[in-house]
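Asker: when you get a sec, could you give me coordinates for this:
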Amino acid sequence: MPDSRFFSSRGPLSLAVLAEVGGAQLVRPDDGDRLIDTVSEGPTATADALAYCASKSAVRRLAVDAGACVTTGVLAAEVPRSVACLTAANPRLAFARIAAALFPALPLQPGVSERAVVDPDASLAQDCRIEAGAVIGANAEVGAGAWVGPNSTIGPGVVLGPRTRVDANVTIVCAVIGADVRIHAGARIGQDGFGFVLASKDEGHVRVPQLGRVRIEDRADIGANTCIDRGALGDTVIGEGAFLDNLVHVGHNVQVGPHVVLAGQCGIGGSSSIGAFSTAGGQVGIADHITVGHKCQIGGQAGVTRDLDDDAKVAGTPAVPVARYLRQAVALERLANRRGQAGGGAAS
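Answerer: Residues are numbered from 1 along each chain as shown. Just a heads-up that it's a prediction; the model follows:
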């Protein structure tokens with residue numbers, strides 16, 4: 001259950017209102033007047049709480065004293081009679097919308113802290129918020145309703161679009177960022193890409209100037225301590241609505257398409273592209289100059305060394321179609337077992 005020290009509820013709200021917000025249907029319309037003040041895990045849900053139940057086991061663990069739950073139509077019959085029930089085709093989406101209605105983001109309090117450093121040539125919208133320790137460089141633009149957190153640096157010429165939120169200890173240089181973007185604490189955006197050329201044995205490596213930018217489109221979400229390098233000449237692009245988890249690295253000139261999801265510790269090599277609505281599990285590595293198609297699914301820890309067509313589903317290193325990966329795993333286990341038997345010992 002959300003801790004009131006950190007999250008403020010705007011409830012109580014009636015179930016009828018919450019059903020409309022979540023795009024859900026009340027199983028018993030008479031429950032529409034029941035008031036809900038919070039959300040909770042099923043086993044600990046109280047009379048003023050709404051829980052999310054996506055499986056039979058979750059319904060079985062649901063507290064009989066819970067105020068309400070949101071689930072599928074198939075599972076609704078399993079919900080205790082004492083609990084008001086909402087159904088939705090996508091109950092997780094309904095729950096997300098209901099939780100957001102009960103616990104909206106705190107309203108922005110416009111202003112510039114006395115302990116912020118703002119260059120006189122920077123352009124700040126009147127209703128933005130700049131926290132203590134933040135640095136805003138020359139010719140930077142901070143849009144209406146944007147928020148720059150404590151000790152974050154917005155470099156010269158950087159553009160932050162309306163309602164974009166930059167959390168604490170973020171650095172942004174050489175970047176143009178759209179509206180409603182969320183950049184979590186410690187992210188590093190727009191620094192030099194990893195570009196160099198070997199001159200000679202004596203001189204060693206010579207850095208290639210990185211003269212591009214980072215462009216982050218509207219409603220993207222950038223995780224904590226994620227690093228996005230600027231392009232060498234063109235832009236590194238994070239598409240509209242893309243979600244990058246914590247500790248993701250995006251190399252220079254990478255093109256991340258709209259609504260792509262990259263889980264923690266993914267690394268995307270320079271000049272690669274990832275098509276719209278593709279997903280990559282944790283610790284996926286994509287080599288440089290790779291093209292990943294639209295709606296691809298890449299299993300955790302996979303290593304992608306070849307281009308992927310649209311709708312590909314791959315796993316393993318090097319990444320291969322999931323069916324082949326599973327056959328390889330079975331064949332390897334059988335081979336290990338045969339060798340163990342031939343050697344007179346049991347396979348571990």
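Asker: sec struct for residue 73, please.
Answerer: Per DSSP: H, G, I helix; E, B strand; the rest coil, the secondary structure class of residue 73 is coil.
Asker: which residues does the closest residue to it other than its chain neighbours contact?
Answerer: Spatial nearest neighbour of residue 73, excluding adjacent residues (C-beta to C-beta, 6 or more residues apart in numbering): residue 87 at 4.6 Å. C-beta coordinates here come from the backbone N, C-alpha and C atoms, glycine included. With contact set as C-beta atoms under 8 Å, 6 or more residues apart in numbering, residue 87 has these partners: 24-25, 27, 70-73, 76.
Asker: show me the contacts for the nearest residue to residue 35 once chain neighbours are set aside.
Answerer: Ranked by C-beta to C-beta, 6+ apart and with sequence neighbours excluded, the top spatial neighbour of residue 35 is residue 12, at 3.8 Å. With contact set as C-beta under 8 Å, 6+ apart, residue 12 has these partners: 35-37, 48.
Asker: and what of residue 38?
Answerer: Contacts here follow C-beta under 8 Å, 6+ apart; on that basis residue 38 touches 1-2, 9, 11, 46, 48-50, 102.
Asker: next, the residue nearest to residue 73: phi, psi?
Answerer: Dihedral angles of residue 87 (phi, psi; degrees, to the nearest 10) stand at phi -120, psi 150.
Asker: ok, what's across the strand from it?
Answerer: Note on residue 87: beta-bridge partners by DSSP bridges are residue 25, residue 71.
Asker: pLDDT score assigned to residue 25?
Answerer: The model reports residue 25 with a pLDDT of 96.
Asker: before we move on, what about residue 344?
Answerer: As predicted, residue 344 sits at a pLDDT of 59.
Asker: swap in residue 78?
Answerer: The score at residue 78 is 93. That number is its pLDDT.
Asker: could you find the closest non-adjacent residue to it?
Answerer: residue 59 (4.5 Å).
Asker: am I right that the one you found is in contact with residue 72?
Answerer: No: look at residue 59 against residue 72 with C-beta atoms under 8 Å: they stay out of range, at 9.8 Å.
Asker: what about the two, which has more around it?
Answerer: Comparing residue 59 with residue 72 by other C-beta atoms under 10 Å, the one with more neighbours is residue 59, at 22 against 16.
Asker: shouldn't that one be within a helix?
Answerer: Yes: counting by three-state DSSP, residue 59 is part of a helix.
Asker: contact partners for it?
Answerer: For residue 59, the contact set (C-beta under 8 Å, 6+ apart) comprises 42, 53, 69, 71, 75, 78-79.
Asker: picking that back up, and the contacts of residue 87, which is closest to residue 226?
Answerer: Closest to residue 226 out of the contacts of residue 87 is residue 70 (31.4 Å), distances taken as C-beta to C-beta.
Asker: so the closest one sits right up against residue 89, yeah?
Answerer: No: applying C-beta under 8 Å, one finds residue 70 not in contact with residue 89, separated by 11.3 Å.
Asker: show me where the chain has helices.
Answerer: Per DSSP state H, the chain carries helices over the ranges 15-22, 56-61, 91-102, 322-342.
Asker: just checking, what packs against the last one?
Answerer: Secondary-structure packing of helix 322-342 (3 or more C-beta pairs under 8 Å, 6 or more residues apart in numbering; DSSP states H and E): strand 313-315.
Asker: returning to what we had before: of all the contacts of residue 12, which comes closest to residue 140?
Answerer: Distances from residue 140 to these, taken by C-beta to C-beta, are shortest for residue 37, at 41.3 Å.
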